[in-house]
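Q: below are the sequence and a predicted model; questions follow.
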Amino acid sequence: MKGSKIVKIVMIAVVLAALVLGYYFYLGHKTRKQEAEEVVQVTAVQSVLMKDLERSYPPTPKEVMKYYCEITKCFYNEEYSEEELLELAVKIQELYDEELVANKSQEDYLNDLKADIANMKKNQYTVASYDISASTDVERFVENDRSCARMYCTFNLKQAGTTGTRATMEQFVLREDADGHWKILGWKLAD
């Protein structure tokens, strides 16, 4: 009889310990879940705009093109405010060579950009993906004593209501500036 009382007491103690541990575990996970839910979701536009080019400019022509393509996808794929559009326009111009920027006034550039975006949206095109030349396919050359790079980028465009994509290949020329940053000098449709 004494043995069965001891067994009952041990069983009750084990059950109580399990309940206390279970409750502690529940509270710990509940707090972590609430903290995780409080994390703010960042949009693709906000993510692109957060990149500080003053501190961490892309180190190679390929990395410059990746960032250019991410901004381009935001222009054509994402929803954004007028203020965010202006910030995206300024951000992409930070990737442009000073000669390219000097070709148009800021007002003309913004008007052309808005017209191009409106045309893509009117025709229901989005940038499904992009492919950039491999680092080994970047052609480097010197022109007017300045280092330049030529590379290709293919934009795969998707039109709403259709299957498949339409590829557009463009040839980009980048030039290294005095700070060692690769800047986009220009581009054209590839043959």
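A: Ah, there it is. Numbers count the residues shown, from 1 in each chain.
Q: wait, residue 71 sits on residue 88?
A: Yes: if you go by Cβ atoms under 8 Å, residue 71 and residue 88 touch, sitting 5.8 Å apart. Every C-beta, even on glycine, is put in place using the N, C-alpha and C of the backbone.
Q: shared neighbours of these two, anything?
A: residue 48 (Cβ atoms under 8 Å, 6 or more residues apart in numbering).
Q: tell me the mean pLDDT over the longest helix along the chain?
A: Identified as the longest helix of the chain according to DSSP state H is helix 2-37. Averaged across helix 2-37, pLDDT comes to 71.
Q: in the helix or strand following it, which residues are buried?
A: Later in the chain than helix 2-37, the nearest helix or strand by DSSP states H and E is helix 44-49. Using 16 or more other Cβ atoms under 10 Å as the test for burial, helix 44-49 gives 45, 48-49.
Q: try stretch 183-191
A: In stretch 183-191, counting by 16+ other Cβ under 10 Å, buried: 183-185, 187.
Q: contact partners for residue 124?
A: 159-161.
Q: and it, how far is that from residue 159?
A: Here residue 124 is placed at a distance of 6 Å from residue 159 (Cβ to Cβ, to the nearest Å).
Q: next one: residue 86
A: 27 Å.
Q: now the strand or helix carrying residue 85: how far from the chain's centre is it?
A: Assigned by DSSP H and E, residue 85 belongs to helix 82-93. Its chain's C-alpha centre and that of helix 82-93 lie 14 Å apart, by Cα atoms, centre = their mean, to the nearest Å.
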